[in-house]
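Asker: When you get a sec, could you give me coordinates for this:
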Amino acid sequence: MSKENVEIVRRAFAYWVYGGDRAEADAIFDPNVVLNPTEEGPSYGLDHIRDSYERWASAWEDLQATAEEFIDAGDRVVVRAYFQGRGRGSGLEVDARFYELYTLRGGKIVRQDEFTQLEEALEGAGLSE
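Answerer: Numbers count the residues shown, from 1 in each chain. I've put the predicted structure just below:
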């Protein structure tokens, strides 16, 4: 089912970047999904994750996110993601690459961990570079 998992993660990445409705989120994410970003504590459950993401996204002006690569690891998928934008209040530029590790079960995302180093994400997925 790993090819299907990559497609689910593609849909999830597009959901966060371009937005989507609740029905789409329910089809992609487990209701008890965990989001573990690098710069703040984890969020639990789809509603809390949506709130956290909306708060984070509102802090940026002209934010662009690009999924550069999807690495299939069976029930896990690593995404090499590139972010570029400017802080809404500060004007500070962001030009960063993050590595997102998605864990899936039963055709839904149950966890998303974010890393600053590819090696950490690959290790989390049970892969090595």
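Asker: So L104, which state does it fall into?
Answerer: When states are read from DSSP: H, G, I helix; E, B strand; the rest coil, the local structure at L104 comes out as strand.
Asker: mind checking pLDDT for it?
Answerer: L104 is assigned 97 on the pLDDT scale.
Asker: Next up, the contacts around it.
Answerer: By C-beta atoms under 8 Å, 6 or more residues apart in numbering, the contact set of L104 is N5, I8, V9, D75, R76, V77, V110. Bear in mind the C-beta positions are built from the backbone N, C-alpha and C, glycine included.
Asker: measure the fourth one to G85 for me?
Answerer: Looking back up the chat, that one is D75. Plainly put, D75 is 32 Å away from G85 if you go by C-beta to C-beta, to the nearest Å.
Asker: So the two - more neighbours on which side?
Answerer: Each of D75 and G85 has its neighbours counted (other C-beta atoms under 10 Å); G85 has more, 18 against 15.
Asker: quick one, what contacts the more buried one?
Answerer: W60, E61, D62, L63, Q64, E93, V94.
Asker: Check for me that the third one belongs to a strand.
Answerer: It refers to D62. Yes. Counting by three-state DSSP, D62 is found in a strand.
Asker: number of nearby residues for it?
Answerer: 9.
Asker: The closest residue to S58 other than its chain neighbours: how many residues sit nearby?
Answerer: Among residues not flanking S58 along the chain, R88 sits closest, at 7.2 Å (C-beta to C-beta, 6 or more residues apart in numbering). Counted with other C-beta under 10 Å, residues neighbouring R88 total 14.
Asker: any idea how far R88 is from A96?
Answerer: In this structure, R88 and A96 are separated by 16 Å, where distance is defined by C-beta to C-beta.
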